[in-house]
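Engineer: Below: sequence and its predicted model.
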Amino acid sequence: MQQHPVPGSLEPHLNFPRIRPLDVRWVEDRKERFLHLRDPLGLTPGEVFVPDYLAPFLALCDGEHNLATIRAALAVWRGMSLTPQEVERMVRELDEAVVLVGPRAEAAQREALMAYRISPFRQPALANSGYPGDPTLLDKALEDFCTRFPIQQDGAGEASTPLVGILSPHIDYTRGHKVYAECWQAIAPALADCEQVIVFGTDHAGGPGKVTLTKQQYATPWGVFPADEQLTDTLIHILGEGALEEELHHAKEHSIELAVVWLHHMLRKVKGKGSFRSLPTLVPILCGNMFPYVRGEEDPEQDRGFEGLVQRLRRAMEGKRTLVVAAGDLAHVGPAFGDSVAWDLTARARLRNADEASLDAVCLGDAQGFFQGLKAEGDSRRVCGLTPIYLALRLLGGQVSGYRTGYEQCPADAKGDSLVSIAGVVWRQKV
């Protein structure tokens, strides 16, 4: 006879359930609404969808409320009458789906991290989903984008000064291909002698102020970029072991990957398709959010971790032809991101003006001006590329002159009421 858990015999973490950091989005299916709980780390064994009427239950799974309190709160505030057995069953199902913080999730994370580290290289996470996994088809897809949106001439007069960096989006290619094509074509000729690439990418699951490194090599469908293990070890020594606490985020995070695919494509164009042996070394750095600085009195210029990282990277750049890449999008606005109103034409115009003010600071290489502008508005635009752009500007040290290669406001929901804005910027060394 099958044995069922005895009510009240839950493990401690289930009596105070806490949902892991997940990407939670509303979805509709046949006029029914669900919460899609998407795991950035890929630990959940499948897709997790929760009916909308259980959203209040999920909101109370914060680790601060036990099951009895959750039941009482739902009864008083929502008129939901749930038995102890029903509540226990729901938390067990969430735990089995690896949605809750606890031993099951910890074991899954250890196993996933071990698999990531022993792999010969970091597998392209979006191949065959975000872009073609077949190298020939991928070449064709990116070349089609380039043909449709040829290089713009803005800033061409600065082409004689050395290329030092680029702001590239990390939105999907379906929506962002125009800006990708314009910014990467603008720097293609200068990539021929590139020896080292430092990529700062948004870590959408990253902790506040976190900088996360990895010793793994990044791969694209065309091949593998060599890593600089000595530099990475030195950076870990400077930042401490905390620099590897969230290393597993590299496995699924798309921000660096989408920029590196375009980098590899352009390198193949200028160096030849058989030039895999002369690829530059790649230093991938994931960047968490800057909430402690945007919402508090702390100054990121005083952050010892940021300063140590920047100073050591500058030494690594000495005598090497280096490209600094910030893989970051700009604003995330509208109902899909928590705003109460749709973004109409007037709001879009205001958004463009605000984005342009930020991009003015970016083009000037003004890290502090860029950050302070966003802090002054409480980061109401939710610029998810804030940290990678800020650190790229800090690394370049203000000794740059930049120009924009493109700007777009991309739809972020089915109705077009929500937007993600993106831009491309090329940085060249000041004369």
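Structural biologist: That came through fine.
Engineer: my read is Gly319 is in a helix, agree?
Structural biologist: No. Gly319 is assigned coil when assessed by DSSP: H, G, I helix; E, B strand; the rest coil, not a helix.
Engineer: need the contact list for it.
Structural biologist: With contact set as CB atoms under 8 Å, 6 or more residues apart in numbering, Gly319 has no partners. (Glycine included, C-beta is placed from N, CA and C.)
Engineer: and it, what pLDDT?
Structural biologist: pLDDT for Gly319: 92.
Engineer: how close does it sit to Gln196?
Structural biologist: 10 Å (CB to CB, to the nearest Å).
Engineer: again with Asp339
Structural biologist: Separation of Asp339 from Gln196 (CB to CB): 40 Å.
Engineer: Also Ala105?
Structural biologist: 37 Å.
Engineer: same question, Ala376
Structural biologist: 35 Å.
Engineer: Mind jotting down where the strands sit in this protein?
Structural biologist: Counting by DSSP state E, one finds strands in the chain at the ranges 23-29, 32-38, 48-51, 163-168, 196-202, 211-212, 219-220, 223-224, 281-287, 322-327, 332-333, 400-411, 419-429.
Engineer: hey, least reliable of these by pLDDT?
Structural biologist: strand 23-29 (a mean of 81).
Engineer: From the contact counts, what lies against that one?
Structural biologist: For strand 23-29, the elements it packs on are strand 32-38, judged by 3 or more CB pairs under 8 Å, 6 or more residues apart in numbering; DSSP states H and E.
Engineer: and the strands of the chain, which is most packed in?
Structural biologist: Among the strands of the chain, strand 163-168 has the highest mean neighbour count (mean count of other CB atoms under 10 Å), at a mean of 28.
Engineer: if you go through the stretch 101-250 of the chain in chain order, where are the helices?
Structural biologist: Using DSSP state H, counting those that start in this stretch, the helices of the stretch 101-250 of the chain run over 103-118, 135-148, 173-187, 229-239, 249-252.
Engineer: Just send those back as CSV, with mean neighbour count, distance to Trp222 and mean pLDDT too.
Structural biologist: CSV is the format used below for these (neighbours: other CB atoms under 10 Å; distance: least, CB to CB, whole Å; pLDDT from 0 to 100):
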stretch, mean neighbour count, distance to Trp222, mean pLDDT
helix 103-118, 14, 21, 95
helix 135-148, 15, 5, 97
helix 173-187, 22, 15, 97
helix 229-239, 15, 22, 96
helix 249-252, 21, 19, 96
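Engineer: among the ones you listed, which is nearest Gly334?
Structural biologist: Of all the helices of the stretch 101-250 of the chain, it is helix 173-187 that lies closest to Gly334, at 14.2 Å by CB to CB.
Engineer: Can I get that closest one in CSV? Just the C-alpha atoms.
Structural biologist: Only the C-alpha atoms of helix 173-187 are listed here, as CSV (Å, rounded to 0.1, in the frame of the first residue of the first chain):
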residue,chain,number,x,y,z
TYR,A,173,17.8,38.4,-32.3
THR,A,174,14.2,38.3,-33.5
ARG,A,175,13.6,41.8,-32.0
GLY,A,176,17.0,43.2,-31.8
HIS,A,177,18.7,42.1,-35.1
LYS,A,178,18.8,45.6,-36.6
VAL,A,179,20.7,47.2,-33.7
TYR,A,180,23.0,44.1,-33.5
ALA,A,181,23.8,44.2,-37.2
GLU,A,182,24.5,48.0,-37.2
CYS,A,183,26.8,48.0,-34.2
TRP,A,184,28.8,44.9,-35.0
GLN,A,185,29.3,45.8,-38.7
ALA,A,186,30.6,49.2,-37.5
ILE,A,187,33.5,47.6,-35.7
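Engineer: ok, back up a step: could you say which one of the strands of the chain comes nearest to Glu247?
Structural biologist: Glu247 sits nearest to strand 211-212 of all the strands of the chain, at 6.2 Å, using CB to CB.
Engineer: what pairs with the closest one, and is each one parallel or antiparallel?
Structural biologist: The pairing partners recorded for strand 211-212 under DSSP bridges are strand 281-287 (antiparallel).
Engineer: Show residues contacting the strand it pairs with.
Structural biologist: By CB under 8 Å, 6+ apart, strand 281-287 touches 195-203, 206, 210-214, 217-218, 225-228, 231-232, 246, 249-250, 253, 255-256, 260, 309, 313, 316, 387-388, 391.
Engineer: go on, stretch 56-68?
Structural biologist: 10, 14-19, 35, 50, 69-70, 73-74, 77-78, 80, 84, 87-88, 90-91, 94, 100-101.
Engineer: For the residue lying closest to Arg348 once chain neighbours are set aside, give me its contacts.
Structural biologist: Distances taken as CB to CB, 6 or more residues apart in numbering place Gln409 nearest to Arg348, at 6.0 Å, with adjacent residues excluded. Contact analysis of Gln409 by CB under 8 Å, 6+ apart lists 348, 351-352, 419-421.
Engineer: farthest-separated two in the residues you listed?
Structural biologist: Arg352 and Val420 (13.2 Å).
Engineer: At the geometric centre of the chain, which residue do we find?
Structural biologist: Thr202 (3.4 Å; CA atoms, centre = their mean).
Engineer: With adjacent residues omitted, what lies nearest to it?
Structural biologist: Ser255 (4.5 Å).
Engineer: do Gly46 as well
Structural biologist: Ala97 (7.6 Å).
Engineer: Surely the one you found and Pro45 touch.
Structural biologist: Yes. In this structure, Ala97 is within contact of Pro45 by CB atoms under 8 Å, at 6.9 Å.
Engineer: now do the same end-to-end measure for stretch 407-423.
Structural biologist: Terminal residues of stretch 407-423 lie 4 Å apart, using CA to CA, to the nearest Å.
Engineer: Contact partners for the closest residue to Phe370 other than its chain neighbours?
Structural biologist: Spatial nearest neighbour of Phe370, chain neighbours left out: Ala361 (4.0 Å); criterion: CB to CB, 6+ apart. With contacts taken as CB under 8 Å, 6+ apart, Ala361 has the following neighbours: 369-370, 373.
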